[in-house]
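Engineer: no sequence for this one, just the structure:
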């Protein structure tokens, strides 16, 4: 009896740990989205953030993210939650311009709460690729109001910081958002600014400067180092984001509990 209790507890706990928000009942989602098309990762160059090397960062991110959506497709296929999951071949520059033309809304702290995807663009991509819905993942530069702590955890500084943030959404052929990873659930891909508490401490001042992560620091975060077998590893920024998405939109037997 005790084992049965713990088994049920674990099932319910796991069922409640998915990421993102469904905007329709999950059983309806499972029946509606049998064939999922995954777009290449998009970079919203129109997003606002105060980072001096913004254009270089976006160029580097576009280069780094190229082809990474295939890894996301493979992870979704392994979960066997769809009849088919297809990587889509589109012009990322033109698709970004048209699909994200209406921009994104933000919450009071500056987190993106979701894009108003262009209906015509969504419908055309879905029709051309014969899919029920599109998975859209977008990186954007955001200025967020956050509280950061020092390494000692004793000092804090609440101000505006620039971050690279990722959001994701599954949209049907009519551009209706079926599932969304945004707002509080959005993924912080890179922290691009930090408070220099050490400088303030050693200069005996209460003025804490906000500094920018260097280009070299960004390069290290995007580095693909070979593992023990000589195969390049996926940067943690992508692997963590993909894990959140896959766990959020992989329909399974546990969904009947919710």
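Structural biologist: In hand now; what should we look at? Quick caveat: nothing in here was measured; it's all calculated off a predicted structure. Numbers count the residues shown, from 1 in each chain.
Engineer: CA only for contacts and neighbour counts going forward, please
Structural biologist: Fine.
Engineer: and the contacts of stretch 90-109?
Structural biologist: 39-40, 42-44, 112-118, 121-122, 144-146, 183 (C-alpha atoms under 8 Å, 6 or more residues apart in numbering).
Engineer: and that stretch, what's buried?
Structural biologist: 92, 95-100, 103-104, 106 (16 or more other C-alpha atoms under 10 Å).
Engineer: which among those residues gets closest to residue 140?
Structural biologist: For residue 140, the nearest member of the buried residues of stretch 90-109 is residue 104. The distance, counting by C-alpha to C-alpha, is 10.0 Å.
Engineer: for the closest one, name its beta-bridge partners.
Structural biologist: Using DSSP bridges, the bridge partners assigned to residue 104 are residue 115.
Engineer: then residue 188?
Structural biologist: On the basis of DSSP bridges, residue 188 is bridged to residue 165.
Engineer: contacting residues for it?
Structural biologist: 163-166.
Engineer: quick one: pLDDT of it?
Structural biologist: Residue 188 is assigned 97 on the pLDDT scale.
Engineer: now do it against residue 27, distance only.
Structural biologist: 30 Å (C-alpha to C-alpha, to the nearest Å).
Engineer: equivalent analysis for residue 195, please.
Structural biologist: In terms of C-alpha to C-alpha, residue 195 sits 46 Å off from residue 27.
Engineer: okay, these two: which has more neighbours?
Structural biologist: residue 195 (21 against 13; other C-alpha atoms under 10 Å).
Engineer: and that one, how far from residue 64?
Structural biologist: Distance of residue 195 to residue 64, given as C-alpha to C-alpha: 27 Å.
Engineer: residue 47 too?
Structural biologist: 19 Å.
Engineer: quick one: the helices in the stretch 51-200 of the chain?
Structural biologist: With DSSP state H, counting those that start in this stretch as the definition, the stretch 51-200 of the chain shows helices at residue ranges 54-65, 69-79, 92-99, 119-129, 197-202.
Engineer: out of those, flag the one nearest residue 150.
Structural biologist: helix 197-202 (6.2 Å).
Engineer: list the buried residues for that closest one?
Structural biologist: For helix 197-202, by 16+ other C-alpha under 10 Å, it's residue 197.
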